[in-house]
Each structure stands twice: as structure tokens, then as C-alpha cells.
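> Make a model of this:
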Amino acid sequence: MAKSSIKIRAKAKNGVVTVKTLISHKMETGLRKNKKTGKIIPAHFIESVVCEHNGTPVLDAQWGVAISKNPYLSFKFGGGKAGDKVKLTWKDNMGKSDSLETKVK
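Residues are numbered from 1 along each chain as shown. Okay, the predicted model is just below:
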């Protein structure tokens with residue numbers, strides 16, 4: 001099994017789940033040039049991030065070139081408890097994607 005590009009933690013407190021994620025991705029804007037060749041580096045960025053709580057979407061984010069390399073994302077949602085499942089999925093503009101599921105602590 002290949003190593004995931006996602007690190008995720010989810011913690012519940014008083015019915016509110018805090019999700020913290022770190023995604024390893026180059027996030028190229030398509031505006032930089034290769035220093036050796038002088039050619040433009042093609043755009044390669046995450047377009048969509050979806051988070052599900054027990055199969056129900058709680059976050060659907062549409063991203064673009066303005067997001068930094070190796071983006072960190074933190075958000076909260078209500079109605080969760082310890083033992084629930086949280087799944088994060090991303091897709092980029094070149095058709096690549098990754099997904100990771102964890103249990104809420």
C-alpha cells in the first residue's frame with residue numbers, strides 16, 4: 001500500500017469535532033519558470049477537498065492556485081462523537097486524488 005499524502009486528526013469535545021489535516025502536494029500555480037530551462041512549470045493544484053462524517057459530507061471546498069504548497073486545513077463541525085469515522089478526499093487538476101479515513105478520538 002502506498003503512503004498517503006494526507007495526515008488527519010479528529011477530536012470530539014462536547015459534540016463538536018475538530019478536524020486538522022495536512023496534505024502533501026506541490027501546488028504549482030502555472031506562473032513560475034524552471035530556472036534551468038526558462039520554461040513555465042505547468043499548473044498542478046488541488047481543485048476539490050471533501051470531508052465526510054460517517055458518509056455524510058460536512059465540508060466541500062473548491063480550491064485554486066492561491067493555496068500554498070502542502071496545505072494545512074482545520075475546521076469544526078457539530079454532531080460528532082468519539083468512534084465516528086471521518087474521511088478526507090482531495091482531487092487535483094491533473095486527475096490525481098487521495099483519500100484517508102480516521103476515527104474521531
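
> C-terminal to the helix or strand hosting Phe77, what's the next element?
Using DSSP states H and E, Phe77 maps to strand 72-78. Counting by DSSP H and E, the next helix or strand C-terminal to strand 72-78 is strand 85-92.

> counting contacts, what elements does the following helix or strand past that following strand pack onto?
Note on strand 85-92: by DSSP H and E, the next helix or strand toward the C-terminus is strand 97-103. Taking 3 or more CB pairs under 8 Å, 6 or more residues apart in numbering; DSSP states H and E as the contact definition, the neighbouring helices and strands of strand 97-103 are strand 6-13, strand 85-92. C-beta here means a position set from N, CA and C on the backbone, and glycine is covered the same way.

> Note down every partner strand of strand 97-103 and its orientation.
Strands adjacent to strand 97-103 in the sheet, as given by DSSP bridges, are strand 85-92 (antiparallel).

> Now the partner strand: buried residues?
For strand 85-92, burial by neighbour count (16 or more other CB atoms under 10 Å) applies to 86-92.

> hmm, back to that, what about the strand holding Phe77, average pLDDT?
Here the mean pLDDT over strand 72-78 is 97, rounded to a whole number.
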